[in-house]
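Trainee: Model the following, please.
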Amino acid sequence: MIDTIACHKYAAPTELNDLNYFSYFSELEDTFIRRRGKHLMLSPIDWAMIESWKERGVPLHVAVRGIEHAFDSYEAKKQKRTVKTLLYCQEEVEAQYAEWLESRVGSHDDQRDSLDDSKSPFPRATVSAHLERSLEELTKLASQREPAQDELSEALMRAAELLTEIADDYRSSAQPDTRKLEESLTGVERMLDDAMRIAIDAETLKSIDTEVDSQIKPYKRHMDKVAFAQTRENLFRKRLREYFGVPRLSLFFL
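Mentor: Have a look, this model is predicted:
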């Protein structure tokens, strides 16, 4: 998270008391560090770039999606060099923002609710209901945990804030893009998955590992190594979510 000195040095003086302003910076910093895999302090140039996104009105969930997508592309290319600066994600964030602006054209039209859903595999009303239901579940789960209990407590509150923005954006969009929505939801799920791994106690973790290994062992000889590893990871994440009661956000769980 951002330290106090960094915030005061790079944040606009008139907005120092705006919690959302600080949340914008810290959320993007956390996303970058989490995807990079190793802690790395952002540079003054990185802070300035984040501030420019904030001042231009780039929605937080759009910037987060841009960073997530940039790292997805980086990992797919299996590059040897590591990402050392947020500047690596700038082009993707700008592209996501440009597409978001385009999707807003006509969003205040009185005929918005009568837009054709034929281009989407999911009915707009169904998606909105799913987002609302998921938000209620996350909010309820967050309220049941102590605010400073562990990494998951904080992650649940952050996830609820992000999902609120994502849902509001989807409902008000003239041209809702379910592919972009799914990417945003995947990013939130990834953040929650990482938090659950940190929050779970060693004994329960060992128990879940043993259970998953027992379930998947009979299929090992019928699968290649990559498919087997991915299937095991999926089963492991499923058990973590069941243990903590964290809902699936993906549209494929409508």
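
Trainee: Just say helix, strand or coil for Pro121.
Mentor: coil (DSSP: H, G, I helix; E, B strand; the rest coil).

Trainee: residues touching it, list them.
Mentor: Each residue near Pro121 by C-beta atoms under 8 Å, 6 or more residues apart in numbering is listed here: Thr178. Every C-beta, even on glycine, is put in place using the N, C-alpha and C of the backbone.

Trainee: ok, so what distance separates it from Thr178?
Mentor: Going from Pro121 to Thr178 by C-beta to C-beta, to the nearest Å gives 7 Å.

Trainee: next one: Arg248
Mentor: Separation of Arg248 from Thr178 (C-beta to C-beta) stands at 16 Å.

Trainee: Could you give the number of residues near Arg197?
Mentor: Counted with other C-beta atoms under 10 Å, residues neighbouring Arg197 total 14.

Trainee: Give me the pLDDT value at the closest residue in space to Ala199 that isn't next to it in sequence.
Mentor: In space, and not counting its chain neighbours, Ala199 is closest to Leu152: 3.8 Å by C-beta to C-beta, 6 or more residues apart in numbering. Leu152 is assigned 91 on the pLDDT scale.

Trainee: Count the residues that sit near Leu152.
Mentor: 23.

Trainee: which residues are contacting the helix or strand that it is a member of?
Mentor: Using DSSP states H and E, Leu152 maps to helix 151-172. Applying C-beta under 8 Å, 6+ apart, the external contacts of helix 151-172 come out as 23, 27, 59-61, 64, 100, 107, 112, 127-128, 131-132, 134-135, 138-139, 141-142, 145-148, 176, 181, 184-185, 188, 191-192, 194-196, 198-199, 244, 246, 249.

Trainee: Can you turn the buried part of those residues into a ChimeraX selection?
Mentor: For the buried members of those, the matching ChimeraX selection, counting by 16 or more other C-beta atoms under 10 Å, is:
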select :27,59,60,61,64,100,127,131,134,135,138,139,141,142,145,176,181,184,185,188,191,192,195,196,199,244,246,249
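
Trainee: Out of the contacts of helix 151-172, list just those in strands.
Mentor: Under the assignment DSSP state E, these contribute nothing to strands.
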